[in-house]
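[1] Provide a 3D model corresponding to the input given below.
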Amino acid sequence: MYIIWKIKTEIRKEAFTNLYSGYKGFANTIAAVLMQMCVRQLFLQKNANTVLLWKQHWMAEIFQSVFILI
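    I've put the predicted structure just below:
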């Protein structure tokens, strides 16, 4: 039983390394993207009221431009 389990473990490990080996070249890119997402979330949390007002202003401009076209 131990031999079968060991073979299955080796096969799973090999499959895992083959599947994710392509991401090694993108390690810095993925880290940078995740960091930027965290920085953006912190900014939005700190400036929630300002962002909300900006979104409302932006939506109002869209609706006004739609009504002008009609």
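
[2] centre of the chain versus stretch 22-30, how much separation?
    Its chain's average C-alpha position is 14 Å from that of stretch 22-30, according to C-alpha atoms, centre = their mean, to the nearest Å.

[3] and if you look at stretch 23-33?
    12 Å.

[4] Enumerate the positions of that stretch that are buried.
    For stretch 23-33, burial by neighbour count (16 or more other C-beta atoms under 10 Å) applies to no residue. For the C-beta atoms, the positions are set from N, CA and C on the backbone; glycine is no exception.

[5] Convert that stretch to CSV, retaining C-alpha atoms only.
    The C-alpha coordinates for stretch 23-33 follow below in CSV (Å, rounded to 0.1, in the frame of the first residue of the first chain):
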residue,chain,number,x,y,z
TYR,A,23,4.3,31.0,-13.9
LYS,A,24,7.9,31.2,-12.8
GLY,A,25,8.7,33.9,-15.3
PHE,A,26,5.7,36.0,-14.2
ALA,A,27,6.5,35.9,-10.4
ASN,A,28,7.4,39.6,-10.3
THR,A,29,4.5,40.6,-12.5
ILE,A,30,2.0,38.8,-10.4
ALA,A,31,3.5,40.2,-7.2
ALA,A,32,3.3,43.8,-8.7
VAL,A,33,-0.3,43.4,-9.7
